[in-house]
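Student: sequence plus the predicted model coming up.
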Amino acid sequence: GAATQSTVDELGDLLSEGDIVVDGGNSRWTDDEKHAEELAAKGIGFVDAGVSGGVWGLENGYALMVGGSEENVATVKPVFDALKPEGDFGYVHAGKVGAGHFSKMVHNGIEYAMMQAYAEGWELLEKVDSVDNVREVFRSWQEGTVIRSWLLDLAVNALDEDTHLDKLRGFAADSGEGRWTVEAAIDNSVPLPAITASLFARFSSRQEDSPQMKMIAA
């Protein structure tokens, strides 16, 4: 948005020909194309880097999805190599300018759908009389099962602190990247029913008294 644009404008006046700007925020990929063009007019390169790792990135390293020309990406790759997690994975040159942030956007859309699936499963387990230790059911999934993930680990951590999540209000904001993912799907005629439903579920969490349910009740 405006904060990123003003920063790019300022850097364009401060940097020299041959320098490279790396945007490591969650910028919209269409903005990347604009920023790259503006900086290229001054001989300044541009690379977009989608970053995933959250607040644990300092300890674990973080995955990097990068967009830009081969030349510009190669110049800054030593920095990416230093920041990514150890091992063979955690970094990709996804394509031309905008590809890094587009990939991170899709990553976040998938995350929305995964979180929604865990949440729906948790509610159903809590609802039935036969299951009396939902927290430990979730914990049992952490090793060896096909649905184990870091998100599952975070869910178990939350249940350890508040077994039935009684201290939380049923509200979930959206970062904006879920919306962008759905918009991109519409633009490209790609069906994303799970991701779209997970986004709309977050919208419903903001309604204490649903107007739709009033009509259904009527």
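Tutor: Good, I have the coordinates. Numbers count the residues shown, from 1 in each chain.

Student: C-alpha from now on. contacts and neighbour counts both.
Tutor: Fine.

Student: tell me what the worst-scoring helix or strand of the chain on mean pLDDT is packed against?
Tutor: Within the chain, judged by mean pLDDT, DSSP states H and E, the helix or strand with the poorest mean is helix 211-217; its value is a mean of 70. Helix 211-217 makes packing contacts with no helix or strand when contacts are defined by 3 or more Cα pairs under 8 Å, 6 or more residues apart in numbering; DSSP states H and E.

Student: longest helix in the chain, please.
Tutor: Using DSSP state H to define each element, the chain has its longest helix at helix 99-127.

Student: mind listing what's buried along that one?
Tutor: Using 16 or more other Cα atoms under 10 Å as the test for burial, helix 99-127 gives 99-114, 116, 122, 125-126.

Student: let me see the contact set for residue 110.
Tutor: residue 195 (Cα atoms under 8 Å, 6 or more residues apart in numbering).

Student: state the distance from it to residue 117.
Tutor: Using Cα to Cα, to the nearest Å, residue 110 is found at 11 Å from residue 117.

Student: what is the burial count for residue 144?
Tutor: 8 (other Cα atoms under 10 Å).

Student: distance of it from residue 150?
Tutor: The spacing between residue 144 and residue 150, counted by Cα to Cα, is 13 Å.

Student: quick one, strands of this protein?
Tutor: Under the criterion DSSP state E, strands of the chain are mapped to 20-23, 45-52, 63-67, 91-95.

Student: quick check: residue 99 touching residue 29?
Tutor: Yes: counting by Cα atoms under 8 Å, residue 99 touches residue 29, with 7.0 Å between them.

Student: check contacts around the residue lying closest to residue 89 once chain neighbours are set aside.
Tutor: Of all residues not flanking residue 89 in the chain, residue 63 sits nearest, at 8.0 Å (Cα to Cα, 6 or more residues apart in numbering). Neighbour list for residue 63: 51, 52, 53, 84, 85, 89, 90, 91 [criterion: Cα under 8 Å, 6+ apart].

Student: repeat that for residue 205.
Tutor: 170, 171, 172.

Student: can you lay out the residues you listed as a markdown table showing pLDDT, distance to residue 217 and neighbour count?
Tutor: Listed next are the contacts of residue 205 as a markdown table, based on pLDDT from 0 to 100; distance: Cα to Cα, whole Å; neighbours: other Cα atoms under 10 Å:
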| residue | pLDDT | distance to residue 217 | neighbour count |
| --- | --- | --- | --- |
| 170 | 83 | 22 | 13 |
| 171 | 82 | 23 | 13 |
| 172 | 82 | 25 | 13 |
